[in-house]
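Colleague: Next input, structure requested:
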Amino acid sequence: MKSLRLGLTFVRHGETQFNKEGLLQGQAIDGPLSEVGLQQAEAAGHYLKDVKFSNLFVSDMLRARQTAETIVKHNSSCAGLQLVCDPLLKEKSFGIAEGKRVQEAKDMAKAAGQSFATFTPLHGETQEQVKQRVKEFWLKMVQQVWREHQLNRSDNERSSAPQLDGEEADDFPAHALVVSHGAYLCVTMRFLVDDLHCPVPDGCSRGRMFSLSPNAGVSRFVLTLMKEDDEAFKVSHIQCLFVNKGDHIKT
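Modeller: Reported below is the predicted structural model:
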């Protein structure tokens, strides 16, 4: 059975004018980063400049692409790598609530007797629909990374990665950067914890684990993938190093 040790770094896009004004963007509104958002993307780029990325994935929406392009330009390991724009990484669709204030959407949810996190406005995506996109992207990403970075390791090699502390995550055979959106990444975190059984880090509550990342916030995971012939991929080890880190942002 072959294995691959993989680092995963998730980044939420920088601030837009809609973020600043407390308005929902979703999918219908594809605006650029604000001046503050551009500064946040630069800060994320400086923070991640020494991480050795092997694969780059980004939502095909403008705010995410601008953030990813800014991060990539600061990182010499990204030279020559393709920035893969994937619609599976789009933000959650908020239907008729897009363009409205977040508080209005919260009021809609309250009127429907639901929490905002699980509420689906008319014509919007359900949590399950977003999760399906997360799962589709996960499999697509893993297949691509495995194909490009398949390792010839002995069958008796340990299948679990050693425990890491702090931010020691820049020396993996493969390390993917994934730039996406707030609500989408919340669902992604739930997928990693509930479906892939990633333990919540010590000192971090489930509430914080699944909370909205700050703009240009960073989360990092390390995992070991296992595969034998035509069998499905298995995750033999997964660890969250940190989630929704934002102290690199100075605005």
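
Colleague: Please give me every residue in contact with Pro143.
Modeller: Quick fix: residue 143 is Gln, not Pro. Phe233 (CB atoms under 8 Å, 6 or more residues apart in numbering). Quick note: C-beta positions are derived from backbone N, CA and C, even for glycine.

Colleague: which stretches of the chain form helices?
Modeller: 17-20, 35-47, 62-73, 102-111, 127-148, 182-190, 206-209 (DSSP state H).

Colleague: can I get the ones you listed in TSV with distance to Gly26?
Modeller: Shown next, in TSV, are those (distance: least, CB to CB, whole Å):
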stretch	distance to Gly26
helix 17-20	10
helix 35-47	17
helix 62-73	12
helix 102-111	10
helix 127-148	11
helix 182-190	8
helix 206-209	23
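
Colleague: Leu56 is in contact with Val72, correct?
Modeller: Yes: with contact defined as CB atoms under 8 Å, Val72 reaches Leu56; the gap is 6.4 Å.

Colleague: overlap in contacts of the two?
Modeller: With contacts defined as CB under 8 Å, 6+ apart, the residues shared by Val72 and Leu56 are Cys78, Leu81, Leu83, Leu177.

Colleague: From the structure, what's the count of residues near the last one?
Modeller: Using other CB atoms under 10 Å as the criterion, Leu177 is surrounded by 26 other residues.

Colleague: about what we covered before: show me which of the shared contacts of Val72 and Leu56 are buried.
Modeller: Cys78, Leu83, Leu177 (16 or more other CB atoms under 10 Å).

Colleague: Would you mind measuring from the second one to Val72?
Modeller: Distance, Leu83 to Val72, using CB to CB, to the nearest Å: 6 Å.

Colleague: who touches both of the two?
Modeller: Common neighbours of Leu83 and Val72 (CB under 8 Å, 6+ apart) are Leu56.

Colleague: Arg190: which of the shared contacts of Val72 and Leu56 is nearest?
Modeller: The shortest gap between Arg190 and any of those belongs to Leu177, at 20.6 Å (CB to CB).

Colleague: Quick one: residues contacting that closest one.
Modeller: Leu177 neighbours (CB under 8 Å, 6+ apart): Thr9, Val11, Leu48, Val51, Phe53, Asn55, Leu56, Phe57, Ala68, Ile71, Val72, Cys78.

Colleague: Go ahead and build a ChimeraX selection from the buried members of those residues.
Modeller: Per 16+ other CB under 10 Å, the buried members of the contacts of Leu177 correspond to this ChimeraX selection:
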select :9,11,48,51,53,55,56,57,68,71,72,78
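
Colleague: I'd like the contacts of Leu177 written out as a markdown table, with distance to Leu192 and pLDDT added.
Modeller: Converted to a markdown table, the contacts of Leu177 look like this (distance: CB to CB, whole Å; pLDDT from 0 to 100):
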| residue | distance to Leu192 | pLDDT |
| --- | --- | --- |
| Thr9 | 13 | 98 |
| Val11 | 15 | 98 |
| Leu48 | 20 | 97 |
| Val51 | 19 | 95 |
| Phe53 | 19 | 95 |
| Asn55 | 17 | 96 |
| Leu56 | 19 | 98 |
| Phe57 | 15 | 98 |
| Ala68 | 20 | 98 |
| Ile71 | 21 | 98 |
| Val72 | 24 | 97 |
| Cys78 | 24 | 94 |
